[in-house]
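Colleague: I would like the atomic coordinates for the input below:
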Amino acid sequence: MRKRSKRYEEASKRIDRSKTYPPREALGLLKALPAPKFDETVDVVVRLGIDPKKTDQLVRGAVSLPKGLGKVVRVVVFAEGERAESARKAGADEVGSEDLAKRILDGWTDFDIVIASPDMMKHVGKLGKVLGPQGKMPSPKSGTVTPDVAQAVQEFKAGKVEFRTDAGGNVHAPVGKRSFSVDDLEQNLTAFLSHLTSLRPPSVKGNFLRKVSVSTTMSPGALIAFEG
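Modeller: Coordinates of the predicted model:
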């Protein structure tokens, strides 16, 4: 069994794992925990009432958080010509086509988001085994395959969050930094959960959002009440 840090053990004493907290109380509780020397990310994990073995129930998308993420998001873009130039002007960290695909195949993955214009999928399609397991494969559903690559770069740089269900039917996403105010964290959390609820597959019966918890990078999770 992995030994937990003293900070984690102290946090565990303050968070009642059997209790469901109102969102503001849970976020305030996280901010009041003993802090490490860096600005932790605040994450939400949602267990969905889906069958992850059924492809029609898998959920994937992206949402712009009203208060941003408070971190530098590294974006690479597959584009050529005018689209490539517009992506650079919009703030893309790397722009390329076949050369960029080769670089990624050779092992370079120091980025957070991959955006591609539709005509570049001939190069991006070869990267499924590399980008897929990392959740970075571009998709029209998440807005990362689009003719308007510059707009997509601006949105993801400003705090747009991409998400997808994992093998257990859970969705993970950041909703800000610990240094954010409770109000800002709550606005981001509410925006994320509301958008997630809007993506409920028609075939899902019963509660869609089964369990919702928030945590910081170094803390245990606090369950929150949310209807869905």
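Colleague: what's the mean pLDDT across stretch 109-127?
Modeller: Per-residue pLDDT values across stretch 109-127 average out to 95.
Colleague: how far is it from where the chain is centred?
Modeller: Remark: stretch 109-127 is offset 18 Å from the chain centroid, using Cα atoms, centre = their mean, to the nearest Å.
Colleague: next: stretch 97-109.
Modeller: Centroid separation for stretch 97-109 versus its chain: 23 Å, with Cα atoms, centre = their mean.
Colleague: just stretch 133-141 next, same as before
Modeller: With Cα atoms, centre = their mean, you get 11 Å for stretch 133-141.
Colleague: same question for stretch 16-23.
Modeller: The answer for stretch 16-23 is 23 Å, by Cα atoms, centre = their mean.
Colleague: so for the longest helix belonging to the chain, what gets flagged as buried?
Modeller: Longest helix in the chain by number of residues (criterion: DSSP state H): helix 182-198. Judged by neighbour count using 16 or more other Cβ atoms under 10 Å, the buried positions of helix 182-198 are Val182, Asp184, Leu185, Glu186, Gln187, Asn188, Leu189, Ala191, Phe192, Leu193, His195, Leu196. Bear in mind the C-beta positions are built from the backbone N, C-alpha and C, glycine included.
Colleague: who does it touch, helix- and strand-wise?
Modeller: Other helices and strands packing on helix 182-198, by 3 or more Cβ pairs under 8 Å, 6 or more residues apart in numbering; DSSP states H and E, are helix 23-31, strand 41-48, strand 60-64, strand 170-177, strand 209-216.
Colleague: can you tell me how far the most centrally placed residue in the chain is from Asp148?
Modeller: Closest to where the C-alpha atoms of the chain average out (Cα atoms, centre = their mean) is Ala173, at 3.6 Å. Distance of Ala173 to Asp148, computed by Cβ to Cβ, to the nearest Å: 23 Å.
Colleague: could you do Pro174 as well?
Modeller: Going from Pro174 to Asp148 by Cβ to Cβ gives 24 Å.
Colleague: the two - which one has more neighbours?
Modeller: Higher neighbour count among Pro174 and Asp148: Pro174, with 19 against 16, using other Cβ atoms under 10 Å.
Colleague: coming back round to it: and which of the buried residues of helix 182-198 is nearest to Glu80?
Modeller: Minimum distance to Glu80 across these is 32.0 Å, recorded for His195 (Cβ to Cβ).
Colleague: number of residues surrounding the residue lying closest to that closest one once chain neighbours are set aside?
Modeller: Ranked by Cβ to Cβ, 6 or more residues apart in numbering and with sequence neighbours excluded, the top spatial neighbour of His195 is Val63, at 4.0 Å. A count of neighbours around Val63, defined by other Cβ under 10 Å, yields 23.
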